[in-house]
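Asker: heads up, no residue letters with this:
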């Protein structure tokens, strides 16, 4: 509950800091020596890179320059450890990675007792000082996007099934944090593309992120709707700017677009501070995710006051 509260209350740009805080709390609460978060690389297909790490003060530190080609001693400095989910990999943990790719939680009370075919994994564990391990895959939309590892280096640790289940619940929270950050990154990328289009046309461009209910709006859209440049636009604040007699039909158009997936159009009035009223026409269409779920509503806005 405490971890969930931290994630839900954190702004997007605070998520990395909150992840690290939660890892330290996990180490302290479960008396672990290390809690590491690995994420799927955007530039290296099938590779998981170590992105967040918490270690017990005074304990054995994870070498940041370890090289999978030269175990157990490193020859390449400044290289963060990586795991490969590709078959026949020569990465650090091919045996463990194969099970993680299949969505399995790996539970190792004694890492030296892993099967004979996992000799490379055993060698890597020795390099990292690992004695006991629970590794939980972070799965989003059916794909392994990362892993959360709970490690002891001082001693061996038995991992009762009840404790492993608690680790898996904690990992679900980390999965949610990564999914949220991924969505924020996609939103920012979409904003940049829309901004470029808006700068080359006189049409007002906008995008509504359905999860956060926040709008990105171009400068032209702000001018047409009378919205100050430094004001955040949400679904609620946008509807508040619409003439009271037209709000319900605009809200209904948004709902209809999300539910049907079809392009919708609405004409409505916007009262301005000087007492005048503008007539606006907006048209939008939903952008969906890989599994068909609605993610964003993208659209354009025109000032049709003179025509009216």
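Answerer: Done, it's in. Here the structure is a predicted model, which is why all the values come from computation and not from measurement. Residues are numbered from 1 along each chain as shown.

Asker: Could you list the low-confidence segments of this structure?
Answerer: Low-confidence segments of the chain, defined by pLDDT under 70: 4-13, 42, 58-91, 182-203.

Asker: which residues of it fall in strands?
Answerer: Counting by DSSP state E, one finds strands in the chain at the ranges 34-40, 47-55, 82-84, 106-108, 132-140, 143-152, 204-209, 214-217, 233-234, 264-271, 277-288, 294-303.

Asker: what's the closest of those strands to residue 170?
Answerer: Each of the strands of the chain has some distance to residue 170 by Cβ to Cβ; the shortest is strand 143-152, at 7.2 Å. (Glycine included, C-beta is placed from N, CA and C.)

Asker: From the contact counts, what lies against that closest one?
Answerer: Packed against strand 143-152 by the contact rule (3 or more Cβ pairs under 8 Å, 6 or more residues apart in numbering; DSSP states H and E) you find strand 34-40, helix 94-101, strand 132-140, helix 161-199.

Asker: Next, the buried residues of it.
Answerer: Neighbour counts using 16 or more other Cβ atoms under 10 Å place 144-152 of strand 143-152 among the buried residues.

Asker: try stretch 29-37
Answerer: Buried residues in stretch 29-37, counted by 16+ other Cβ under 10 Å: 30, 32-37.

Asker: got the end-to-end distance for it?
Answerer: Using Cα to Cα, to the nearest Å, the end-to-end distance of stretch 29-37 comes out at 17 Å.

Asker: tally of neighbours for residue 267?
Answerer: 15 (other Cβ atoms under 10 Å).

Asker: Excluding sequence neighbours, find me the nearest residue to it.
Answerer: If the residues on either side of it in the chain are set aside, residue 267 comes closest to residue 281, at 5.0 Å by Cβ to Cβ, 6 or more residues apart in numbering.

Asker: so what's that neighbour up against?
Answerer: When contacts are counted by Cβ atoms under 8 Å, 6 or more residues apart in numbering, residue 281 touches 265-267, 301-302, 304.
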